[in-house]
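When you get a sec, could you give me coordinates for this:
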Amino acid sequence: MAHGERVICKSETLAEGGLGVRFPVGEHTNGFVIRFLGAVRGYVNRCPHVGTPLDLWPNEFFTDDGCALICSTHGAVFEPISGRCTAGPCVGDRLTPLPLDLEGETLVVRLPAATTGPQ
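Numbers count the residues shown, from 1 in each chain. So this is what the prediction gives:
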């Protein structure tokens, strides 16, 4: 595995509109992956409003109906596929995406150099 790559989980671990998987991407930063409409997406776990993690309860990123991502701190609502904020204090802002690859049945994130430190 190359520097900056991290195995996250088996693809089947992610339920449609259900719990995500949180993982470290830097010294003080986490990322998360979710499944929505059959697509897997990864984002930095930081709301663009004030920088708090989205999940108050670990790995709970979706609204109760499983149709949107929500920041548990201020209620900002995000589209799961694009990461765009559609309601709340940061409308129009976006979650920071993380590039993912599927290697067999395993999800791997390709971390940007800024989150992994010097190479």
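
Tell me how far Val25 lies from Pro53.
When distance is defined by CB to CB, to the nearest Å, Val25 is 12 Å away from Pro53. Where you see a C-beta, it was placed from the backbone N, CA and C, and this is true even at glycine.

More neighbours: those two, which one.
Applying other CB atoms under 10 Å to Val25 and Pro53 shows that Val25 carries more neighbours, namely 25 against 18.

you'd agree Cys90 is up against Ala76?
Yes - applying CB atoms under 8 Å as the test, Cys90 and Ala76 come out as touching, 5.2 Å apart.

which neighbours do the two share?
Common contacts of Cys90 and Ala76, defined by CB atoms under 8 Å, 6 or more residues apart in numbering, comprise 47-49.

circling back: please say which of Cys90 and Ala76 ends up with more neighbours.
Ala76 (25 against 19).

Please tell me how far that one sits from Arg6.
Distance from Ala76 to Arg6, by CB to CB: 26 Å.

swap in Ile70?
25 Å.

Neighbour count: the two, which is higher?
Counted by other CB under 10 Å, Ile70 and Arg6 do not tie: Ile70 has more neighbours, with 21 against 16.

Leaving out the residues flanking it, which one is nearest to the more buried one?
Nearest non-adjacent residue to Ile70, counting by CB to CB, 6 or more residues apart in numbering: Thr63, 4.9 Å away.

just Phe62 next, same as before
Phe62 sits nearest to Gly17 (CB to CB, 6+ apart), 5.5 Å away.

and the gap between the one you found and Gly88?
Taken as CB to CB, the span from Gly17 to Gly88 is 19 Å.

so where do the helices sit in this protein?
113-116 (DSSP state H).
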